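**Q** Dropping a prediction and its sequence here:
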Amino acid sequence: MTVNELNEKFEFRDIRPEEAGQAAEIEQVCFPPNEACTEKMMHERVAAVSDLFLVAEDRETGRIAGFLNGLATDEQVFRDEFFTDAGLHEPQGENVMLLGLDVRPEYRGQGLASEIMRQYKQREARRGRKRLILTCLGNKVGMYEKMGFRDHGISGSGWGGEEWHEMSCVLDMSNS
């Protein structure tokens, strides 16, 4: 789908408090149990940093098709505690640690993940953030490189007992 088609089909917005359960359900579908955010952690995240969620709501069904979430910090290196402790959020932090890009399986292959990321990058650049930092499995490195991220190699994160790559993207105010 083109950007215009995606914006016609989906409303891109902050998450609503009552959608935390739906977000947790999507997370359970998108990630294996050892990697997924628990329902309790998702409720804590939504309560603490709802403005750092960007959801794509299917305008026809009213369901969340996908979302991206993170928390702000001045830290430069991803650590596992960001996944479990929403209290690490620093509202004025210059970086955003991305905690999950989730797209329901029935919405994949349309460019939705890329559009969510594109809009998130623009929004956070407008807010004065300097960079987005994430970890991903090796098989996702190419996808994130296409979205403008740079691979920094193996991360210190051992979340879920996996080996992760740490990646970052410098935000450019001129493109926001």
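**A** Great, that's in hand.

**Q** And the contacts of whichever helix in the chain runs longest?
**A** As assigned by DSSP state H, the longest helix anywhere in the chain is helix 112-126. For helix 112-126, the external contacting residues (Cβ atoms under 8 Å, 6 or more residues apart in numbering) are 1, 3, 6-7, 10, 12, 54, 56, 65-68, 96, 101, 103, 132, 143, 146-148, 169, 171-173, 175-176. In short, each C-beta sits where N, CA and C put it, glycine included.

**Q** what about the strand or helix carrying Val141, distance to the chain center?
**A** For Val141, the host element (DSSP states H and E) is helix 141-146. In this view, helix 141-146 has its centroid 14 Å away from the chain centroid, taken as Cα atoms, centre = their mean, to the nearest Å.

**Q** for the helix or strand just after it, what is the average pLDDT?
**A** The first helix or strand that comes after helix 141-146 along the chain, using DSSP H and E, is strand 150-154. Averaged over strand 150-154, pLDDT sits at 95.

**Q** what's downstream of strand 150-154, the next helix or strand?
**A** strand 165-170.

**Q** Pull out the buried positions in that next one.
**A** For strand 165-170, a neighbour-count test (16 or more other Cβ atoms under 10 Å) marks 165-169 as buried.

**Q** and if you look at stretch 155-163?
**A** So for stretch 155-163, counting by 16+ other Cβ under 10 Å, buried means 155, 157, 159.

**Q** just those now: which is nearest Glu39?
**A** Closest approach to Glu39 among the buried residues of stretch 155-163 (Cβ to Cβ): Trp159, at 17.5 Å.
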